[in-house]
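Engineer: could you look at this predicted model? Sequence included:
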Amino acid sequence: MISRVHRFHGHGSLRFVYQHGQTVRGPLTTVKFVVNGRRQTYRLAVVVSKKISKSAVVRNRIRRRLYESVRQHEPELTQPYDIVITVFHEQLATLPPDELNRLVRAQLRQAGILAAKPAQSSTSHGKI
RNA sequence: UCAGAUUAUUGACUGAUCGCGUGCUUUAUCGUACGAGGAAAGUCCGGGCAGCGUAGGGAAAGAUAGUUGCUAACGGCAACCGGGGGCAACCCUAGGGAAAGUGCCACAGAAACAGUACCGCCCUGGUGUAAAAGCCGGAGUAAGGGUGAAAUGAGUGGGGUAAGAGCCCACAGUUCCAUGCGGUGACGCAUGGAGGUGGUAAACCCUAUCUGCUGCAAGGAGGUGGAUCCAACACAGGUUUCCCGCCUGGGUCCACCACAAAAUCCGCUUGAUUCCGAUGGCAACGUCGGAGCUAGAUAGAUGAUCAGUUAGAACAGAACCCGGCUUACGGAUAAUCUGACAUU
RNA sequence: CGCGGGGUAGAGCAGUGGCAGCUCGUGUGGCUCAUAACCACAAGGUCGCAGGUUCGAGUCCUGCCCCCGCUA
């Protein structure tokens, strides 16, 4: 699970991301994100619909795995992004850990949240 | 050995690294303790708790339906009674009333509860004939055939008769009533008497008992004073379907003190509590003593990676709290019991 | 948390306890030079699942499963 500092609180801030954020579609997930100028740190939410799986255990498992996967990239998340990850498929509950990490990293890079390579992080930082 | 019946338990563990929630401790981030279930599920019943100026009476509506007990309560549980199934262990059972009334019983069949005669059986009038058969009528008959889930609802044997029939008798069975005995009771047993009036109430209905409504997004975290408008035996509103009855003034604005955002705090976990022992009871369960504190989140806390053990893979995630019910559940273990076969 | 509606043929829907039906679609044949339309015939159903009441259940009762919707 992720620390309470990096969670969303209330529905208003989530609605803002849905209305104003950019979208990056992946094979199993969609990432919506926006830069929040009023905050110092990033925030993250994972959305798992009841249509994905009827079981609360499976839904919780998907949510925890995604939180953990993003958390491992925390040192690279320097900008105050608001990120919402929406899940499409039940596969995420049983996917091997390496593959899950690879998917998340690829999608975050595509969104520009992570730098293309860790070495170039300083240059891309300047662009923003 | 094989095949079964019932009940109960368990619901992977260890180590390392990185993380999450709450409490405590310090202090400005270290440390430490604890951290999902037997069903947390479905939301099918019952209760606690909270609010609603009334919750009282009646009707309507809904629920339940053998007896006795247990319980805070229940539509739950236990024991027992009646009925059904199984060789047995054991299992299932909405199990009050059909003589209060109304409805329904398709097709088939003569007829489906109104009173009825299709084929038969028997007697008889006419006709007919050598005598019969046959044909046209009358009267009796529910024993036989056929239809149907069910046929007038009491089976078998005997008597009886023109032929038959509980029409009569014996035995068996059944319903009701009375008496006696046993049981708290449902009911059981025995004796005597009477009756032989389908089925369906998970059809309407009748009888008995129970139910005020809303639900933690309940509800609370503001108190005092003043002004003005409308109303005042009326009218209006409330009582969450109706009647009686009962209850109540309402709206707007201002000032002062307090509070300082609500994306917060309380409710929020010590409770019909858990474990152990003793004791009453066939049991459900109760009583007494000792010890313990065991999630409390709020976009929602138990995860990720690696290594090891192993045959190790189930169903599944607290959201105010309890008691039940129902449903899902891999593997393993234990106890008691039944039947069959074999051996001694 | 509290409620409501539904599940019947490939699709959309009917169905007072007594033979499961309608429209479209599908197949075969006809009509046409050919296609459509039209005409005739036919196939196609564990009535969501399980148990019960009844002589008999799609229908009545009980318990489950799934889908859709509503209030705060």
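Structural biologist: In hand now; what should we look at? Everything numeric here is computed off the predicted structure, so don't read it as measured data.
Engineer: wait, residue A:21 sits on residue A:84?
Structural biologist: Yes - applying Cβ atoms under 8 Å as the test, residue A:21 and residue A:84 come out as touching, 7.1 Å apart. C-beta: built from backbone N, CA, C; applies to glycine.
Engineer: need the overlap of contacts for those two.
Structural biologist: Residues within reach of residue A:21 and of residue A:84 at once, by Cβ atoms under 8 Å, 6 or more residues apart in numbering, are A:32, A:33.
Engineer: count the residues that sit near the residue in chain A positioned nearest to RNA strand B.
Structural biologist: Of all residues in chain A, residue A:97 sits closest to RNA strand B, at 2.4 Å by Cβ to the nearest atom of the strand. Other residues within reach of residue A:97, judged by other Cβ atoms under 10 Å, total 10.
Engineer: mind checking how far it is from residue A:66?
Structural biologist: Computed as Cβ to Cβ, to the nearest Å, the residue A:97 to residue A:66 distance reads 12 Å.
Engineer: and what of residue A:5?
Structural biologist: Distance check for residue A:5 against residue A:66: by Cβ to Cβ, it reads 18 Å.
Engineer: please say which of these two ends up with more neighbours.
Structural biologist: Between residue A:5 and residue A:66, residue A:66 has the larger neighbour count (other Cβ under 10 Å), namely 23 against 10.
Engineer: tell me who's in contact with that one.
Structural biologist: A:29, A:46, A:85, A:87, A:92, A:104.
Engineer: go on, residue A:8?
Structural biologist: So residue A:8 contacts A:14, A:43, A:44, A:45, A:82 (Cβ under 8 Å, 6+ apart).
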